[in-house]
Each structure stands twice: as structure tokens, then as C-alpha cells.
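# Here's my sequence, what's the structure:
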Amino acid sequence: MDIRQKTIGFGLVSILAALLLGGSGLLAEHDQNQALQRSEASMAALRNHMEGDMMHDALRADVLAALLVKPGDTDTANQVLADLDEHAKWFRSVVQSNLELPLDTDLHQAINDLGPLLDHYIASATSIIQLALQSPEQAQAQLPAFVTAFKELEQRNSTLSDLIAGNADTSREQSTATLHQGISVLVGGMILATLVLALCTFLLLRSILRPLSQTMAVAERIAQGDLTTAIEVHDRDETGHLLRSLADMRDSLGNMIKAIHEENLLLREVADELGQASSSLVQRTSQQSDSAVSMASATEQMIANLARIADHARDAQAISGQSERLASDGGEVILNVVGGMQGIDEAVNRSSETITVLGQSSEEIHSIIQVINTIAEQTNLLALNAAIEAARAGEAGRGFAVVADEVRGLAGRTAQSTREITGMIERIRQSTGNAVDSMQTGVTRVRAGVELATQAGDSIQQIREGARRAASVVEEISQTIGEQTRASQDVAHQVELIARMSRDSTDTTRQLASAAQRLDEIAQGMQASVSRFRV
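Below you'll find the predicted structure:
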């Protein structure tokens with residue numbers, strides 16, 4: 001039975017109690033009215049009887065007045081006759097009134113038996129009065145018979161008076177008893193109705209408040225983080241449904257907490273791996289930056305060597321007239337030039353390899369950023385699911401909803417940072433590609449310079465063939481060295497750009513490591529928030 005049915009039942013019981021109490025009151029009122037009517041009838045009968053007794057005495061007074069009327073006093077005689085008629089009618093009227101009242105059968109019979117005596121008494125009074133008005137002496141002779149009739153009627157009136165008085169006392173006592181009985185019935189009905197309503201109220205409140213108290217206790221334990229409490233449901237009303245819903249919410253919240261705990265452990269592992277990868281990447285980018293600086297220094301040294309070679313070329317052109325004498329020295333100088341060009345070729349090759357390694361590192365950074373972006377998306381989805389479950393939990397999940405929103409915000413910022421890093425890495429990759437192309441160009445030109453230097457060595461062997469030819473070759477060498485100088489300057493510029501990009505990549509990697517550390521701190525905070533729940 002649900003609460004609605006219980007409440008309706010309690011209302012029906014209350015209505016039934018009110019109807020019973022009202023019916024008892026109406027019954028008591030009906031009995032009281034009947035008792036009052038009997039009492040009023042008895043009082044009216046007693047009053048009428050007293051008036052009849054007065055008329056009984058009045059008729060005797062009329063007889064005595066007639067005996068005192070003087071002969072010839074017509075007015076007095078007429079007055080006596082009028083009084084006789086009035087008193088006789090009045091006497092009969094009150095007796096008839098008593099017969100019409102709702103009295104007991106015995107009392108009715110006694111009043112009815114009074115009729116013949118009344119008629120005899122009135123007839124005797126009428127006869128003696130008429131006789132007294134005509135012959136007072138004869139009337140005096142019949143007076144004893146009238147007195148006898150008077151005494152008989154008086155005795156019967158006395159007996160009837162006792163009956164009427166007894167009936168009035170009985171009616172009064174019955175009225176009082178009926179009143180007391182009505183009061184007792186009302187009081188008893190009120191007490192019974194109060195007890196029944198109190199019992200129904202107690203049962204109704206117990207059936208409602210006991211499950212509600214259990215529900216409140218379970219809700220408080222869940223709010224404190226205890227998800228291990230067993231919830232027993234025995235009732236089938238709304239409170240039972242509430243407890244079952246609370247049990248389902250507890251199970252769902254427990255499963256969600258377990259899932260968040262597991263995902264948080266995975267997040268911390270990923271954050272640790274990301275931090276380690278970021279630290280390793282910082283070290284590699286620092287090494288690349290150092291290598292770029294070293295390559296820039298080597299390039300500057302190469303430019304200085306090319307400048308000296310250009311000076312030597314100009315000197316060789318100046319002394320081209322003395323090429324025969326200085327041919328051996330020129331051969332040694334050309335050999336040195338060939339060795340320097342080979343060194344330049346090796347330095348440029350190392351620079352190219354370093355830039356290639358930088359491009360590979362950029363690819364590794366791009367892969368790591370993709371992993372971070374995937375983790376951020378998973379974290380955002382997990383935080384969204386947690387916020388939905390917290391919203392379903394209502395007040396009990398409000399604190400967890402705040403944590404979920406913070407994780408979503410952090411995941412959004414992490415995704416934004418990864419997108420920015422991805423853009424920077426893409427630019428570094430493009431710049432690295434350009435640098436690789438430039439270095440390939442430099443390598444090609446350096447190799448061309450080596451070949452030209454080799455050709456110059458061969459030309460030295462032919463210097464003896466003619467000064468003009470030697471001067472022409474020296475001029476060509478000077479021009480080639482100028483081109484190599486400009487190419488080396490371009491290489492130096494590209495190496496400086498690579499070094500600057502390496503420094504930027506190092507800063508970005510440090511930011512990534514800081515973000516990974518922040519992600520680990522947030523994961524620890526989530527772990528602390530989840531650990532307050534016992535599942």
C-alpha cells in the first residue's frame with residue numbers, strides 16, 4: 001500500500017469517526033428531545049390539573065355565592081350563573097387538555113376516569129345553584145349531597161395529582177438520565193474517535209517517517225563518501241521506491257568512482273610518460289642547439305678560411321708573372337686549399353646530418369603531441385561523463401561536478417597548448433626542410449669547390465705551360481671562392497636560424513613538460529577527491 005492509499009484510508013477512517021460521532025450526537029439529541037417533550041407534557045398536565053383543582057374550588061365558591069344571593073337580586077344571580085358556566089367549561093377544558101397530552105397510559109386512564117365524577121360534580125353544582133336562586137331552603141337541604149360530590153372529586157383529584165406529580169418526577173429523572181447518557185455517549189464517542197485517529201496517525205507516521213529516516217541516514221552516508229552501506233527495501237510505497245532509487249544511484253555512483261579511479265591511474269601514467277618524454281626531448285633539443293651553435297662556429301671558421309683563400313688567390317693573380325718560380329709553392333697552397341675544402345665538405349655534411357636529426361626530432365615531437373592531444377580528448381570525454389553522472393546525483397554529486405568541470409577546463413587548455421605546439425613544430429619542420437635544402441645546396445657547391453680545387457691542382461702542374469693560362473685559372477679560382485664565400489654566408493645564416501629554432505623548440509618542450517607536470521598534479525587532485533568515496 002502506497003502513501004496515497006494510506007492517506008485516503010486515514011481520511012476515510014476520520015470521516016467514519018466523524019459520522020459515528022455525529023450520529024451519536026444526533027441520537028443523544030433525539031433522546032433528549034423526547035425526554036424534554038415528556039417532561040413538558042408532564043409539567044403541562046400538572047399545570048392543567050392545578051387549574052382544574054382551582055376550578056373545583058371555584059365551583060364550590062359559586063354554590064356558596066348562590067346560597068347568599070338575596071331574593072330578587074337578578075344581577076347577582078346572573079353573575080353567579082355566568083361564573084358557574086365559565087368555571088365548568090374551564091374545568092372540562094383543562095381535563096380535555098390533559099387527555100390530549102402525550103402521557104402514560106395509566107395516567108390517561110386515570111384522567112379519563114375522572115370524567116363521570118366531573119360531570120356529576122358540575123351537574124350537582126348547577127342543580128343546587130339553580131335551586132338556591134329559586135328556593136334557598138331547598139338548596140340548603142341538598143347541600144350535603146353536593147359536599148359529598150365535592151369530597152369525592154377532591155379525593156380523586158388528589159390521587160390524580162399524585163399520579164401527575166409522580167409522572168413529572170419520572171419524566172424529569174428520565175430527562176436527566178437521558179442527558180447524562182447523551183453526554184456519556186458523546187464523550188465516549190469522542191474518546192473512541194480520538195483513540196482511533198491517534199492510532200491511525202501513529203501507524204501512518206511510522207509507515208512514512210521510519211523509511212524516510214532510513215533514507216536520510218543512507219543519503220548522509222553517501223554524502224560523506226560511504227558507498228558500501230547496504231540498503232534494505234521492505235516497503236512497496238513511495239518511500240520504498242525512493243530507497244530503491246537511492247540504491248541504484250549508489251551503485252551507479254560507485255561504478256563511476258571506480259571507472260574514474262582507473263582512468264585517473266591511467267592518466268597519471270600517461271602524464272608521467274609525457275613528462276619523461278618531455279625531459280628527454282628537452283635534452284635532445286638542447287644538444288641540437290649546442291650542435292647548431294658549434295656548426296655556426298665551424299661555418300664562420302670556414303668563411304674566414306675562404307676569405308684567406310680569396311686573398312691567396314689575389315696574391316696568386318698578382319704574382320701570376322712569377323708562376324714559374326712559385327709553381328711549387330702554388331702547388332702546396334692548392335693542396336692546402338683542397339684539404340680545407342674537404343674539411344668544409346665534412347663540416348657541411350655534419351651540419352646536414354644535424355639538421356636531418358633535428359627534422360626527425362620534430363617528427364617525434366609531433367607524434368608525442370598527437371598522443372597528448374588524444375589523451376586530452378579522452379580526458380575531456382571522461383570529465384563530460386563524470387559531470388553527467390554528477391548532475392544525476394544531484395546535491396550529493398555537486399562537489400564532484402566541480403572537479404569534473406576543472407578537469408574539462410584543463411583538458412581544453414591542454415588540447416589548445418598541443419595545437420599551438422603542433423603549429424610551432426610544423427613551422428620548425430618547414431624551416432628544417434628549408435635548411436636541409438640549403439645545406440644540400442651548400443654541399444653541392446662545396447663539392448664543386450673541391451672539384452675546382454682539384455682542377456686547380458692539375459692546373460698548377462700546367463703552370464709551366466704559360467703564365468697567361470695560369471693567370472686565367474687563378475682568376476677563375478678567385479671568382480669561385482667568392483661564390484663559395486657567399487654560399488658559406490648563406491649556410492651560416494641558415495645555421496643561425498636553425499639554432500634559434502632549436503632554442504624555441506627547447507622552450508616549447510619545457511612548456512610541454514610543465515603542462516605534463518600540471519596534468520599530473522590535477523590527476524593527483526582527482527585521485528584525492530575520488531579517494532574520499534569508499535566503494
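
# residue ranges of the helices in the stretch 1-150 of the chain, please?
In the stretch 1-150 of the chain, the helices defined using DSSP state H, counting those that start in this stretch lie at 3-67, 74-100, 105-134, 136-223.

# Repeat that for the stretch 401-535 of the chain.
Remark: helices assigned in the stretch 401-535 of the chain by DSSP H, counting those that start in this stretch are 467-531.

# ok, F91 touching R60?
No: shown here, F91 and R60 do not form a contact pair, counting by C-beta atoms under 8 Å, at 11.5 Å. The C-beta positions use only the backbone N, C-alpha and C, and glycine is treated the same way.

# ok, these two, which is more surrounded?
More crowded of F91 and R60, by other C-beta atoms under 10 Å: F91, with 23 against 19.

# where's the residue positioned nearest the centre of the chain relative to L246, distance?
Central residue of the chain (C-alpha atoms, centre = their mean): G394, 4.8 Å from the mean position. Distance from G394 to L246, counting by C-beta to C-beta, to the nearest Å: 11 Å.

# Include mean pLDDT and distance to V407 when you put the helices of the stretch 1-150 of the chain into CSV, please.
As requested, those are exported to CSV (pLDDT from 0 to 100; distance: least, C-beta to C-beta, whole Å):
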stretch, mean pLDDT, distance to V407
helix 3-67, 80, 41
helix 74-100, 90, 102
helix 105-134, 86, 101
helix 136-223, 81, 21
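
# As a markdown table, those helices with distance to I372 would be great.
Shown next, in a markdown table, are the helices of the stretch 1-150 of the chain (distance: least, C-beta to C-beta, whole Å):
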| stretch | distance to I372 |
| --- | --- |
| helix 3-67 | 55 |
| helix 74-100 | 116 |
| helix 105-134 | 116 |
| helix 136-223 | 36 |
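
# A387: neighbour count?
Neighbourhood size, A387 [other C-beta under 10 Å]: 19.

# hang on, the earlier thing: so which of the helices of the stretch 1-150 of the chain gets nearest R350?
helix 136-223 (67.0 Å; C-beta to C-beta).

# That closest one packs against which elements?
Applying 3 or more C-beta pairs under 8 Å, 6 or more residues apart in numbering; DSSP states H and E, one finds that helix 136-223 contacts helix 3-67, helix 105-134, helix 238-318.

# Please name whichever of those helices is nearest to N434.
Checking these against N434 by C-beta to C-beta gives helix 238-318 as the closest, at 14.5 Å.

# Just the mean pLDDT for that closest one, thanks.
Here helix 238-318 scores 71 as its mean pLDDT.

# For the residue sitting furthest away from the middle of the chain, give its distance to S158.
What lies farthest from the middle of the chain is E137; by C-alpha atoms, centre = their mean that is 117.9 Å. Using C-beta to C-beta, E137 is found at 33 Å from S158.

# got it, and G525?
Distance, G525 to S158, by C-beta to C-beta: 113 Å.

# who's more crowded, the two?
Neighbours of G525 and S158, each counted by other C-beta under 10 Å, are more numerous for G525; the result is 15 against 11.

# Quick check: that one touching V403?
Yes: counting by C-beta under 8 Å, V403 is a contact partner of G525 at 7.4 Å.

# Buried residues, stretch 161-168. List them.
Across stretch 161-168, burial judged by 16 or more other C-beta atoms under 10 Å covers 163-164, 167-168.

# and what of stretch 189-196?
Neighbour-count burial for stretch 189-196, with 16+ other C-beta under 10 Å as criterion, is recorded at 189, 193.

# could I get it in CSV with only the CA atoms?
Provided in CSV are the C-alpha atoms of stretch 189-196 (Å, rounded to 0.1, in the frame of the first residue of the first chain):
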residue,chain,number,x,y,z
GLY,A,189,-17.5,8.6,21.1
MET,A,190,-15.0,11.5,21.2
ILE,A,191,-12.6,9.4,23.3
LEU,A,192,-13.0,6.4,20.9
ALA,A,193,-12.7,8.6,17.8
THR,A,194,-9.6,10.3,19.3
LEU,A,195,-8.0,6.9,20.1
VAL,A,196,-8.8,5.6,16.6
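
# next one: that stretch to chain centre, how far?
What separates the centre of stretch 189-196 from the centre of its chain is 41 Å, taken as C-alpha atoms, centre = their mean, to the nearest Å.

# Please list all residues in contact with V94.
48-49, 51-52, 55 (C-beta atoms under 8 Å, 6 or more residues apart in numbering).

# Quickly list the domain ranges of this protein.
Following automatic domain parsing, one gets these domains for the chain: 3-200, 257-531.

# Which one of these lies nearest to M216?
Evaluated over the domains of the chain, closeness to M216 peaks at domain 257-531, with 12.4 Å, by C-beta to C-beta.

# State the distance from the residue nearest to the centre of the chain to A223.
10 Å.

# can you put the buried residues of stretch 161-168 in a markdown table and add distance to D251?
Formatted as a markdown table, the buried residues of stretch 161-168 follow (distance: C-beta to C-beta, whole Å):
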| residue | distance to D251 |
| --- | --- |
| L163 | 90 |
| I164 | 89 |
| N167 | 84 |
| A168 | 83 |
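
# my read is the residue nearest to the centre of the chain is in a strand, agree?
No: applying DSSP: H, G, I helix; E, B strand; the rest coil, one finds G394 to be helix, outside a strand.

# got a pLDDT number for it?
73.

# thinking T418 is in contact with I368, fair?
No: counting by C-beta under 8 Å, T418 does not reach I368; the two are 9.3 Å apart.
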